[in-house]
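Participant: what's the 3D shape of this:
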Amino acid sequence: MIYIYIIIIAVCILVLLKIILGVNVKKIKDLIKNKELDDLVSTFPSNIDVVKGILKMLKNENINIQEEKETKTCLYLINGNKIIIANISDTFTRIQTMAHECLHSIQNKKNLWAQYIIANFYLLYFFIIILLTLFHIIKTPYVHIIILSILGIIQYVLKSMLEMDAMIKAKYLARDYLKEYKIGTEEEVDRLIKCYDELNYLGIPATNYYLIRNIIIKILIYSLILLIV
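Facilitator: Below you'll find the model as predicted:
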């Protein structure tokens with residue numbers, strides 16, 4: 001019965017958080033659809049040139065840069081000290097996205113490594129307890145729900161701290177990059193930064209919501225498995 005309560009509470013938390021944080025995916029997607037700005041930014045330097053220019057400004061040029069045409073997700077990987085550039089040349093948000101990943105590259109390495117290790121351990125632990133539960137090896141599953149929750153909170157704190165720092169600073173770094181290299185007119189840059197500001201207003205709470213949702217979904221999945229087995 002306790003697992004049913006956990007499932008109900010978890011679902012209620014997700015619903016309440018979505019309402020409180022005002023998560024509106026449709027509004028974010030509508031903001032991103034801006035052909036006029038897409039056409040403007042398409043005349044700007046390539047993604048690789050943007051990353052190189054920003055890294056030079058940050059005095060952090062010792063970074064591996066890799067372009068992946070098959071993915072839409074840009075990443076900074078602490079293991080390998082690498083920025084992966086996705087196939088996002090057709091969207092005006094790419095300057096802010098590149099700035100975001102470049103900012104990750106100069107964040108505290110101890111925090112970056114801690115987040116990387118905890119995230120991988122958390123995921124591994126989740127799959128291990130599922131397997132052990134399915135084979136009826138685990139005798140006190142509620143203990144693992146508690147451990148899963150604690151690991152999730154630690155993962156959220158580390159990930160949120162790094163992401164919020166990069167998200168807040170990215171628009172300013174994007175603006176400084178455009179002005180430093182004299183890309184676009186002052187009016188065009190102002191319009192672009194205004195849109196980045198609007199995206200952050202919606203995107204920051206949405207990102208926090210999805211980070212929390214990922215934790216709660218794991219607890220939901222494990223609780224459902226416990227009900228079945």
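Participant: residue boundaries of the helices in this structure?
Facilitator: 2-21, 25-32, 35-41, 47-57, 94-104, 109-134, 141-180, 186-228 (DSSP state H).
Participant: Turn those helices into JSON lines, including mean neighbour count.
Facilitator: The C-beta positions use only the backbone N, C-alpha and C, and glycine is treated the same way. As requested, the helices of the chain are exported to JSON lines (neighbours: other C-beta atoms under 10 Å):
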{"stretch": "helix 2-21", "mean neighbour count": "13"}
{"stretch": "helix 25-32", "mean neighbour count": "12"}
{"stretch": "helix 35-41", "mean neighbour count": "14"}
{"stretch": "helix 47-57", "mean neighbour count": "19"}
{"stretch": "helix 94-104", "mean neighbour count": "24"}
{"stretch": "helix 109-134", "mean neighbour count": "14"}
{"stretch": "helix 141-180", "mean neighbour count": "17"}
{"stretch": "helix 186-228", "mean neighbour count": "16"}
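Participant: Including distance to Cys74 and mean pLDDT, could those go into TSV?
Facilitator: Converted to TSV, the helices of the chain look like this (distance: least, C-beta to C-beta, whole Å; pLDDT from 0 to 100):
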stretch	distance to Cys74	mean pLDDT
helix 2-21	24	94
helix 25-32	14	93
helix 35-41	15	95
helix 47-57	9	96
helix 94-104	5	97
helix 109-134	16	97
helix 141-180	11	96
helix 186-228	14	96
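Participant: Quick one: those as CSV, columns for distance to Asn87 too.
Facilitator: As requested, these are exported to CSV (distance: least, C-beta to C-beta, whole Å):
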stretch, distance to Asn87
helix 2-21, 30
helix 25-32, 15
helix 35-41, 14
helix 47-57, 9
helix 94-104, 10
helix 109-134, 24
helix 141-180, 19
helix 186-228, 19
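Participant: I figured Asn24 hits Tyr201, correct?
Facilitator: No. Contact status for Asn24 versus Tyr201: not in contact, 10.7 Å apart, counting by C-beta atoms under 8 Å.
Participant: if I pick Ile83, what's in contact with it?
Facilitator: For Ile83, the contact set (C-beta atoms under 8 Å, 6 or more residues apart in numbering) comprises 51, 63-66, 74-77, 101-102, 105.
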